[in-house]
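>>> what would the 3D arrangement of this be:
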Amino acid sequence: MHRAIFLDRDGTLIEERGYICRLNDSDIFSFSFEALRLMKQAGFKVMVVTNQSSIARGICSRDEVETLHSDIRQECLKRQTAIDGFYYCPFHPEGTIEEYRKNHPWRKPGPGMIQQACLDFDIDPKCSYMIGDDLIDIETGKNAGCKTILVLTGKGMEMQKKITSAGIVPGMITGNILTAIRDILDVESKKSTGKA
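All right, here's what the predicted structure looks like:
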């Protein structure tokens, strides 16, 4: 089975700009490409798992979200790296589009997107990590049986202050996804040499 890094999208891989329908409405963090290269070099599958209630709210179409994800893939390929899979949840119980107005097991903090990726790519969640800037990402990772990392980009600084009151404690807190993968590789290196 494979190991994977599951990444939140907005505030983790790309800048947090609210509801966006096109990549030019936001920017991929400059450090994301190096982080992705390190993840791939270390043998991890890389998956993006993102709630996209903008679809249920009628702000973006599924085609727009999928085009945005395709554009992120292309930017990655230009920089000699890749994302193996994008999983997004278009549902929200308060959506304005009837087709998508419901709760769904894919909606974070439900583990559905991670569980589906594990089936699709033969991933072992116990050897995998969920990285995000929101406590809902940490909860999602825990619900799926993954190790968890809170990054301080996006909403991360605000979320760090809520950890105690929310009772949702990440396995690690670090600056961004590049420092996160460096920390992961450091921990795994110590394990392999018996120094952990």
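>>> show me what the worst-scoring helix or strand of the chain on mean pLDDT is packed against.
Ranked by mean pLDDT, DSSP states H and E, the helix or strand of the chain with the weakest confidence is helix 163-166, at a mean of 89. In this structure, helix 163-166 packs against no helix or strand, with contacts taken as 3 or more CB pairs under 8 Å, 6 or more residues apart in numbering; DSSP states H and E. Any C-beta I mention is one placed from the backbone N, CA and C, and that applies to glycine too.
>>> for it, output the C-alpha coordinates as PDB.
In PDB, the C-alpha atoms belonging to helix 163-166 read as follows (Å, rounded to 0.1, in the frame of the first residue of the first chain):
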ATOM      1  CA  ILE A 163      -7.200  24.500  19.600                       C
ATOM      2  CA  THR A 164      -7.700  24.400  23.300                       C
ATOM      3  CA  SER A 165     -11.400  25.400  23.200                       C
ATOM      4  CA  ALA A 166     -12.200  23.200  20.200                       C
END
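>>> tell me the SS of residue 105?
The local conformation at residue 105, judged by DSSP: H, G, I helix; E, B strand; the rest coil, is coil.
>>> relative to the helix or strand just after the least confident helix or strand of the chain, what are the paired strands and their orientations?
Secondary structure here is assigned by DSSP states H and E; on that basis, the next helix or strand after helix 163-166 toward the C-terminus is strand 172-174. Sheet neighbours of strand 172-174, with direction, are listed as strand 147-151 (parallel) (DSSP bridges).
>>> list the contacts for the residue nearest to residue 17 when sequence neighbours are not counted?
In space, and not counting its chain neighbours, residue 17 is closest to residue 26: 4.4 Å by CB to CB, 6 or more residues apart in numbering. Contacts were defined as CB atoms under 8 Å, 6 or more residues apart in numbering; by that measure residue 26 touches 10, 14, 15, 16, 17, 20.
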